[in-house]
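*Asks:* Here you go, sequence then predicted model.
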Amino acid sequence: MIDSSLARPLEKALDRLLPKRGVPARLQAAMRYTLFNAGKRIRPALLLQVCKDLGGNLKNALPSACAIEYIHTYSLIHDDLPAMDDDDFRRGKPSSHKKFDEATAILAGDALLTAAFEAVARTPDKSLIGPMTLALAEAAGAAGMVGGQQIDLSPKANVHEIHEKKTAALFKASTHLGALAARSPKAGNLARYGLHLGLAFQAVDDILDAHEKGRRNVACIYGLKRAQVLAAREVAAAKAAVRFMGVNGERLRQIADFVVSRKH
């Protein structure tokens, strides 16, 4: 789906930019436990792919790619906590609060969130740090992912608003940051691509999890056929947003098609 040549530099950067000096051993172990637990790296790889396809310098994209993955990982650690989704397992292994303890899991999430902004601050082109920091904060903060989690705690929550703030916000930030790293004048188009791609991704997740009866699942609420129509509509909108790229946007269009056709 995403250029495999981007995987190795991403993994190296994730390790290199993760704070180590002065970090208590148990906290560092908890941070690394979920971060390096077989994640798909979809969001940071997407960020790098956008930068590459727009002709940007990947050195300016790697720090924010790491930041996106740090924030995604922190959100998973906190989502699994007893006060949130109360999940004992993540990717086939005990959740962070089960592997360590609840307090350490909370602190590991806090540390990863902070590490994200430290990573962005290390972007080689210093003129990009301000816009990148703003984009990241808006996506991860009270009006974005954190706000989405709060809405998700309400029994009367709107599932579309949850998906837009929780899932799509980080996809949108990923593609937006990739465009910023490439200094593209069409960063807004790439942000829209990411937003619609994220909504399609979540809709397909819901379709694949339709057997798990839950009110937060669009497939359970509206039925499989309507959920499939919603996913296809979002993919079409994502592809339309990058039409201006011509042949250079072919991989991004393929990624959109992959998202709606995936089986797991």
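*Replies:* Great, that's in hand. Being a predicted model, the structure only gives us computed values, none of them experimental. Residues are numbered from 1 along each chain as shown.

*Asks:* alpha carbons only for contacts and neighbour counts from here, please
*Replies:* Will do.

*Asks:* And the strands in the stretch 51-200 of the chain?
*Replies:* Taking DSSP state E, counting those that start in this stretch as the criterion, the stretch 51-200 of the chain carries its strands at 89-90, 93-94.

*Asks:* Can you tell me what sits against the helix or strand in which residue 253 is found?
*Replies:* Assigned by DSSP states H and E, residue 253 falls within helix 250-261. Under the contact criterion Cα atoms under 8 Å, 6 or more residues apart in numbering, helix 250-261 has outside partners 1-2, 49-50, 197, 200-201, 204, 231-232, 235, 238-239, 242.

*Asks:* cool, and stretch 227-247?
*Replies:* For stretch 227-247, using Cα under 8 Å, 6+ apart, the contacting residues are 189-190, 192-197, 199-201, 203-204, 207, 218-219, 249, 252-253, 256-257, 260.

*Asks:* shaky segments in the stretch 1-150 of the chain?
*Replies:* Applying pLDDT under 70 to the stretch 1-150 of the chain flags residues 1-2.

*Asks:* Inside helices: which ones of the contacts of stretch 227-247?
*Replies:* 189-190, 192-197, 199-201, 203-204, 207, 218-219, 252-253, 256-257, 260 (DSSP state H).

*Asks:* Please pick the buried ones from those residues.
*Replies:* Taking 16 or more other Cα atoms under 10 Å as the criterion, what is buried in those is 189-190, 192-197, 199-201, 203-204, 207, 218-219, 252-253, 256-257, 260.

*Asks:* Same list, the contacts of helix 250-261, but as JSON lines with distance to residue 68 and secondary structure please.
*Replies:* JSON lines is the format used below for the contacts of helix 250-261 (distance: Cα to Cα, whole Å; DSSP: H, G, I helix; E, B strand; the rest coil):
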{"residue": "1", "distance to residue 68": "19", "secondary structure": "coil"}
{"residue": "2", "distance to residue 68": "16", "secondary structure": "coil"}
{"residue": "49", "distance to residue 68": "14", "secondary structure": "helix"}
{"residue": "50", "distance to residue 68": "14", "secondary structure": "helix"}
{"residue": "197", "distance to residue 68": "16", "secondary structure": "helix"}
{"residue": "200", "distance to residue 68": "19", "secondary structure": "helix"}
{"residue": "201", "distance to residue 68": "17", "secondary structure": "helix"}
{"residue": "204", "distance to residue 68": "22", "secondary structure": "helix"}
{"residue": "231", "distance to residue 68": "24", "secondary structure": "helix"}
{"residue": "232", "distance to residue 68": "26", "secondary structure": "helix"}
{"residue": "235", "distance to residue 68": "22", "secondary structure": "helix"}
{"residue": "238", "distance to residue 68": "20", "secondary structure": "helix"}
{"residue": "239", "distance to residue 68": "22", "secondary structure": "helix"}
{"residue": "242", "distance to residue 68": "21", "secondary structure": "coil"}
